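Engineer: when you get a sec, could you give me coordinates for this:
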Amino acid sequence: MKYIYIINGRADKASQYSDFFAQLKEVPHTYEVYTTLGEGDATRYVRLYCDLHPDEEVCFVACGGNGIINGVASGLMGYLEYNSEFRIQNSKFSMAILYFAGATEDFIINYPGRNFRSVKEMLAGTVTSTDIIKVNDSYCLNVINLGFNSRVASRANELVAKGKSAHEAYIRGVINAFLTSRFNRIRVTVDGERIARGLMVLCTIANGRRVGGEFNCAPTAKTDDGLIDVCYFRAMSLVRLLMLFPLYRSGQHIGSRPGRGKVLYRQAREVVVSSRDIIDIYLDGELLPGSHFEMKILPRALPLRLPPANQESISNS
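Structural biologist: Predicted structure coming up:
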């Protein structure tokens with residue numbers, strides 16, 4: 001087995017990798033390290049490697065946050081072998097995840113009691129399979145955001161590019177979204193049925209449970225249940241929205257009194273999002289523009305190497 005570690009080439013990420021390189025030297029194994037050259041490069045690299053080495057047994061290790069994880073996962077899709085029931089069979093390719101300081105841990109919280117910061121633990125892990133959402137020609141491993149949340153992300157990205165800290169950029173992005181993106185005309189259809197009519201604040205379409213580093217947007221989501229969790233906020237007053245946000249952060253917004261009649265929660269296998277105007281959806285850390293998005297869950301379609309679970313998490317499961 002060969003391991004290819006894919007790290008983010010952005011200059012501001014370089015300081016995160018000193019401990020990682022020290023760990024590589026401590027554990028003998030066959031590996032390479034690839035540093036991405038820009039947005040979308042992780043996906044391009046994985047696809048090219050799979051094209052050139054179809055018979056090689058390789059685990060691609062996404063080192064960092066949501067963007068790198070999505071890039072590696074998206075690159076692997078199309079190079080995996082499935083049976084007639086769309087189950088992985090005898091695939092030579094798989095992926096793993098290593099997290100570092102500064103990266104949001106949105107996806108790995110779906111796998112508690114595992115050390116995603118250790119190369120040694122990752123090498124000792126076993127391969128399972130996880131669901132992934134196909135979005136037109138792209139893929140989502142964790143959460144898709146529409147409306148308010150995608151505006152927060154868009155504005156925050158602009159400010160980070162101008163040198164603002166991630167925390168300051170996020171706060172200013174939230175303020176901007178409160179002023180500009182509380183009333184969105186976006187149609188969301190869940191398994192052929194429109195979820196609501198009228199204006200919306202936001203919608204999360206989720207495979208995992210958490211987004212934005214702290215918001216438990218889809219508290220019942222599981223990464224291996226073959227379902228998409230959809231959380232939809234109808235348009236509402238500013239006061240009511242401000243009351244809901246702490247509950248949205250803690251995952252208590254479903255069935256809450258402030259959310260009554262305004263927060264809708266569904267599970268589905270297919271979701272269609274459409275708009276008369278071009279909108280941005282926020283897909284695992286990347287903004288994707290368009291006016292029509294078809295989303296479909298691919299059950300257990302991605303082989304994922306997980307570090308061993310500690311004994312306490314096994315006892316509690």
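Engineer: now the strands for this structure?
Structural biologist: 2-7, 31-35, 58-63, 93-98, 126-135, 138-140, 143-147, 187-190, 193-194, 200-206, 228-234, 263-268, 270-283, 286-306 (DSSP state E).
Engineer: note down every partner strand of the fifth one and its orientation.
Structural biologist: If you go by DSSP bridges, strand 126-135 pairs up with strand 138-140 (antiparallel), strand 286-306 (antiparallel).
Engineer: of those strands, which stretch is the most buried?
Structural biologist: Ranked by mean neighbour count, those are led by strand 138-140 with a mean of 24 (mean count of other CB atoms under 10 Å). Heads up, the C-betas are built off the backbone N, CA and C, glycines and all.
Engineer: which residues touch it?
Structural biologist: Outside strand 138-140, the residues that touch it by CB atoms under 8 Å, 6 or more residues apart in numbering are Asn70, Ala73, Ser74, Met77, Ile132, Ile133, Ile205, Asn207, Leu283, Asp284, Leu288, Met295.
Engineer: before we move on, back to that, for Asn176, find the nearest of the strands paired with strand 126-135.
Structural biologist: With CB to CB as the criterion, Asn176 lies closest to strand 286-306 of the strands paired with strand 126-135, at 14.7 Å.
Engineer: orientation of that closest one relative to strand 200-206 in degrees?
Structural biologist: Here strand 286-306 runs at 30 degrees with respect to strand 200-206, directions being taken by axes from the mean of the first three to the mean of the last three CA atoms, to 10 degrees.
Engineer: for strand 286-306, the distance to its chain's centre please.
Structural biologist: Relative to the centre of its chain, strand 286-306 is centred 9 Å away, using CA atoms, centre = their mean, to the nearest Å.
Engineer: do the same with stretch 195-204
Structural biologist: The mean C-alpha position of stretch 195-204 is separated from the chain mean by 21 Å, CA atoms, centre = their mean.
Engineer: put the alpha carbons of that stretch into CSV.
Structural biologist: C-alpha atoms of stretch 195-204 as CSV (Å, rounded to 0.1, in the frame of the first residue of the first chain):
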residue,chain,number,x,y,z
ILE,A,195,-40.5,21.6,0.6
ALA,A,196,-42.1,25.0,1.0
ARG,A,197,-43.3,28.0,-1.0
GLY,A,198,-42.3,31.6,-0.6
LEU,A,199,-39.0,33.2,0.5
MET,A,200,-36.4,31.3,2.6
VAL,A,201,-33.6,32.4,4.9
LEU,A,202,-31.3,29.4,4.5
CYS,A,203,-31.2,25.7,3.7
THR,A,204,-28.6,23.0,4.6
